[in-house]
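K.L.:
just a sequence and a predicted model for now, questions to come.
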Amino acid sequence: MEIEIQKENGQVILSLSGRLDTNTSGEFENALIELFNKGEKNILIDLKDLIYLSSAGLRVFLGAQKTIDSINGKMLVKNVNETIMEIFQITGFLEFIKIV
């Protein structure tokens with residue numbers, strides 16, 4: 001998996017590509033933790049090029065959402081393909097993750 005990070009209009013955009021699984025979820029989690037430690041509160045996660053999402057990746061999304069909620073921030077997810085959207089639906093993540 002690759003993570004591209006850029007800042008645009010006060011919002012940090014993380015673009016994920018490849019597979020978000022047990023082997024790569026730590027990298028995603030560390031990137032988010034580093035952003036939170038820098039005081040970032042407005043995060044957009046672009047999944048346009050993400051082809052696979054495992055339970056380990058879901059765990060990172062859950063932790064990130066909990067952190068965002070605790071700091072009164074905002075996390076949005078965009079460009080979710082049909083397969084990943086189905087994973088978010090089946091697992092109930094659509095109840096707390098904001099997809100645009």
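P.N.:
All right, it came through fine.

K.L.:
buried residues in the longest helix out of those in the chain, which are they?
P.N.:
Longest among the helix segments of the chain by residue count, using DSSP state H, is helix 55-70. Across helix 55-70, burial judged by 16 or more other CB atoms under 10 Å covers Ala56, Gly57, Leu58, Val60, Phe61, Ala64, Gln65, Thr67, Ile68. Bear in mind the C-beta positions are built from the backbone N, C-alpha and C, glycine included.

K.L.:
how long is stretch 37-45 from one end to the other?
P.N.:
Taking CA to CA, to the nearest Å, stretch 37-45 runs 17 Å from one end to the other.

K.L.:
okay, helices next: where are they in this protein?
P.N.:
In the chain, the helices defined using DSSP H lie at 25-37, 55-70, 82-91.

K.L.:
which elements pack onto the second one?
P.N.:
Helix 55-70 is packed against strand 11-20, helix 25-37, strand 74-78, with contacts defined by 3 or more CB pairs under 8 Å, 6 or more residues apart in numbering; DSSP states H and E.

K.L.:
swap in the first one?
P.N.:
On a contact count with 3+ CB pairs under 8 Å, 6+ apart, helix 25-37 meets strand 2-8, strand 11-20, helix 55-70.

K.L.:
run a quick neighbour tally on Ile97.
P.N.:
For Ile97, the neighbour count with other CB atoms under 10 Å is 19.

K.L.:
these two touch, right, it and Ala64?
P.N.:
No. Shown here, Ile97 and Ala64 do not form a contact pair, counting by CB atoms under 8 Å, at 9.2 Å.

K.L.:
pLDDT value on the closest residue to Thr67 other than its chain neighbours, please?
P.N.:
Once flanking residues are discounted, Thr67 sits nearest to Phe36: 5.6 Å by CB to CB, 6 or more residues apart in numbering. The model reports Phe36 with a pLDDT of 96.

K.L.:
now the helices of the chain as JSON lines including distance to Gln11?
P.N.:
Formatted as JSON lines, these follow (distance: least, CB to CB, whole Å):
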{"stretch": "helix 25-37", "distance to Gln11": "11"}
{"stretch": "helix 55-70", "distance to Gln11": "13"}
{"stretch": "helix 82-91", "distance to Gln11": "21"}
